[in-house]
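*Asks:* Please work out how this folds:
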Amino acid sequence: MSASLQTYTPDLQRYDELLSPDGSIRPHWRALVERLEQAGPDAVRRSADLARRLIVENGVTYNVYADPQGRDRLWTLDMLPVIMSAEEWQSIERGVIQRARLFDALLADLYGPQRLLQEGTAPAEVAFGHPNYLWPCHGAVPRGGRWLYMYAADLARSPDGRWWVLSDRTQTPSGPGYALENRRIVSRVLADTLDDLNVRPLSGAFASLRDGLLANVEESETPLAVVLTPGPFNETYFEHAYLARQLGFSLVEGSDLTVRDDTLYLKTLGGLKRVHAVLRRLDDDFCDPAELRADSALGVQGLLKVVRAGRVVLGNALGSGVIESAAWLGFLPSICEWLLGESLQLPSVATWWCGERPALEEVLEGLDRLVIKPTFPNQRFEAVFGRDLTRDARARLIRRLRARPYAYVAQERLALSQTPVWRGTGLTGRALSLRVYAIAGPEGYQVIPGGMARIASDVYADVVSTQRGGGSKDVWVLGQGEEGSQATELAPRSRLRNESLPSRVGENLYWLGRYATRCEDKVRLLRGTLALERRSEVWPRAVDTCRHLGVTPMDSDPAASLFDTQHQLGIAADLQRLQWSATQARGRLSAEHWRAIGVVQRQYHDASSSSSDVRETLDRLTLSCAALSGFAHDDMTQDDAWRLMMLGRRVERISFLSLLLSRRLSEAAPTQGELEWILDIASGTIAYRTRYFDRPRLAPLLQLLVRDAKNPRSLAFLGQEICAITQQLSESAGELAVDFFQQAVTEAVEADFGALEGAGYSADLARQGFSRALSKVVDAASLLSDRLSMRHFSHTELDRHAVTA
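*Replies:* I've put the predicted structure just below:
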């Protein structure tokens, strides 16, 4: 026995994925175990740490409702994959494809002629009693005739080694994006092993999904496809954004779409653009508040009319959730024979719908070996294992079964197989289930090679659930010949896709730019203030400026304000807004840009929880904010999305600098210490020293920070950039007048700086006049922001950015 296996204990009552009954390592696992032995425990531990770090850096999350750990719980991935031989996978692949074809045909019959129910092959109660049987969808034939573009089967292995289907997912199957991300991370951790074992890639199926959704778009039109999400609070929002980015689709919410003349449109910066295909991640009944669920704020009013008119491809079709009931499983063999003329290849676990009296009596007799589940998903109770019931609990369950038999399904309990996971210095076992995905392409269904493995928190678990703290694994399907590969990118399409920018995404990119710059400016202001000696004459005015610009609450110590989460204008609140805007626009950010935003958040939270030194924390945040500036400038194609983010940065910076200078010049002449403090905040100290020999004076300082168009932080430079960007936006998204803004900046830039120096009456008047000119720049920037919102963002939800400069 190898060293890493000394901690691994097989369970004779379960199938072991790693070990044969005689205790030997199964042939397709040997290469991986040998490499673990060669690497040694320390190297394997470092690999496991790398996998966890990549999850953090990539922002892979799974939102658990009412989770005490917070809304965005990190995804759990075990470094070791589940390995399957090519021969074993082929039988699963054939069975999953058949089930996808079967359910596609079943949906067509249920929402069409309903001959299956008329013949009595399946009871009508299972279909019509299901809350996801949508009567308004009856007779609505999907464009192209395809009902399911993505199907998932949850599989488990019985002790004899056979795979059984536990449940089918037909509405919005979750997990394929996580499966692809799992592969990306594991390919970094075990790159050499992945290559040597000739593991089949995942990418081809995703390319087929994209091509399948766009197959029915007229050749004369540039296709526009979207991923419809409920929003960032959904448990699998990471996957929604991930799929949109991988497929090249826009990630949208219901408020981003509208219906005109039986056609679906996306609200973009340049107006309404027709949507040709929707990959929806929103449950059936929430999709159209006009005809389905009236209280839905997530859907699109009139979407069902578009479907009836055949004007959009929807994956999956509305009403497909009716298949998600365990009650169907017992009838599938006869349904398959009736609809396809074939025997069911991949069997379901033995299932009885208690609505039939013979089935109910059989269930009551064998209750100890069965699991009782709800027939429909709107029944809120957990699965009940008959073997675990006390005498009184068993009697109560029997009474419930006899009173409402149609509400219950019984399934044979399977002892889930176990798979190895790495813990500490060796291997241990965990219960395993497998989710396998079939995807519809132009040529029919194909299966993602491997799918996603889910593991329970212990080996003896009867249920594997991510919501209950379970984890995941990559699944390696060994290839034959040349079919294995490391590649995970989607194959390119020769057809140009529509690059329209949704208004909501554009709005959040704009505010991402503003909040990133706002955080940087406030951090620099607070850092520069805390660098002063409290006994200096500059300290009171610096603290007053911090309070005026919202960095520090009134009557609060500046140092304590950094970690003040209750102050709505403080750095903590702005960091939260930065994170929110980035989350909304995640599909437009590179992985590195998103990672850099996560670094800023982690730095702040780690410093806050450990009560780190405030000045040291501000130094780190300054560097991290500077990194965000670099990503904003150089990490995006310079299209409208980039322009909006840069416009947000420019508007925020010109507002901050104008406020800073206006506040200090509205009173007495700034002292030399104040001028040095201002230069530090505006990152102008080196530039000033390079240009001038003498110590800071007001006129040269304003020449640098206001008039010098070569200084990227000056008012003149920022004003020119804002006008140039709005002009470029006007060319693609409609005109936006900025004459009023340009005039305000010009008035400030052309002021007589020499007249502002000195302590006389005329100098005081000149400084007050210049202060008013700077205030006009602030007002003009605010008005420009409002007009931008009304011109390009007004057809989104009410502006949630209540706190502005």
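
*Asks:* So residue 339: helix, strand or coil?
*Replies:* helix (DSSP: H, G, I helix; E, B strand; the rest coil).

*Asks:* ignore the last one, residue 273
*Replies:* strand.

*Asks:* list the contacts for it?
*Replies:* 224, 265, 266, 498, 500 (CB atoms under 8 Å, 6 or more residues apart in numbering). Where C-beta positions appear, they are placed from N, C-alpha and C, glycine not excepted.

*Asks:* In which helix or strand does the nearest residue to residue 578 once chain neighbours are set aside reside?
*Replies:* Among residues not flanking residue 578 along the chain, residue 515 sits closest, at 4.0 Å (CB to CB, 6 or more residues apart in numbering). According to DSSP states H and E, residue 515 maps onto helix 503-530.

*Asks:* coming back round to it: among the contacts of residue 273, find the lowest-pLDDT one for me.
*Replies:* For these, the model is least confident at residue 498; its pLDDT is 52.

*Asks:* Report how many residues lie close to the residue nearest to residue 578.
*Replies:* 27 (other CB atoms under 10 Å).

*Asks:* Give me the distance between it and residue 315.
*Replies:* 34 Å (CB to CB, to the nearest Å).

*Asks:* about what we covered before: who does the helix holding residue 515 touch, helix- and strand-wise?
*Replies:* Applying 3 or more CB pairs under 8 Å, 6 or more residues apart in numbering; DSSP states H and E, one finds that helix 503-530 makes contact with strand 250-252, strand 263-268, helix 539-548, helix 558-561, helix 571-584, helix 614-634, helix 640-665, helix 672-681.

*Asks:* I figured residue 387 hits residue 369, correct?
*Replies:* Yes. Applying CB atoms under 8 Å, one finds residue 387 in contact with residue 369, separated by 7.0 Å.

*Asks:* Mutual contacts of the two, please.
*Replies:* With CB under 8 Å, 6+ apart as the test, residue 387 and residue 369 both reach residue 413.

*Asks:* so the residue nearest to residue 578 touches residue 574, yeah?
*Replies:* Yes. Using CB under 8 Å, residue 515 is in contact with residue 574, at 5.7 Å.

*Asks:* so how far is the worst-scoring helix or strand of the chain on mean pLDDT off the chain centroid?
*Replies:* Of all helical and strand segments in the chain, the minimum by mean pLDDT, DSSP states H and E falls on strand 72-74, at a mean of 80. Distance of strand 72-74 from the chain centroid (CA atoms, centre = their mean, to the nearest Å) equals 11 Å.

*Asks:* Please name the strands paired to that strand in the sheet, noting orientation.
*Replies:* strand 61-63 (antiparallel) (DSSP bridges).

*Asks:* May I see the buried residues of the strand it pairs with?
*Replies:* Within strand 61-63, the residues scored as buried using 16 or more other CB atoms under 10 Å are 61, 62, 63.

*Asks:* what mean pLDDT does it have?
*Replies:* 82.

*Asks:* what distance separates it from the middle of the whole chain?
*Replies:* 8 Å.

*Asks:* quick one: low-confidence parts of the stretch 651-800 of the chain?
*Replies:* By pLDDT under 70, the weakly predicted segments of the stretch 651-800 of the chain are 794-800.

*Asks:* Now do the strands in it.
*Replies:* For the stretch 651-800 of the chain, no strands are identified by DSSP state E, counting those that start in this stretch.

*Asks:* got it, and the stretch 201-350 of the chain?
*Replies:* Going by DSSP E, counting those that start in this stretch, the stretch 201-350 of the chain shows strands at 225-228, 250-252, 257-260, 263-268, 271-274, 277-280, 313-315.

*Asks:* mind checking which of the ones you listed is nearest residue 662?
*Replies:* strand 263-268 (36.9 Å; CB to CB).

*Asks:* Give me the contacts around stretch 100-109.
*Replies:* Against stretch 100-109 from outside (CB under 8 Å, 6+ apart): 115-116, 141, 145-148, 151, 168, 170, 317, 319-320, 322-323, 332, 335-336, 339-340, 344, 438, 440, 445.

*Asks:* Alpha carbons only: can I get that stretch in CSV?
*Replies:* What follows is stretch 100-109 as a C-alpha-only set of coordinates in CSV (Å, rounded to 0.1, in the frame of the first residue of the first chain):
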residue,chain,number,x,y,z
ALA,A,100,-32.2,14.5,-23.6
ARG,A,101,-33.9,13.4,-26.9
LEU,A,102,-36.6,11.7,-24.8
PHE,A,103,-37.4,14.8,-22.7
ASP,A,104,-37.3,17.1,-25.7
ALA,A,105,-40.0,14.8,-27.4
LEU,A,106,-41.9,14.6,-24.1
LEU,A,107,-42.2,18.4,-23.8
ALA,A,108,-43.3,18.7,-27.4
ASP,A,109,-46.1,16.2,-26.6
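
*Asks:* No further questions, thank you.
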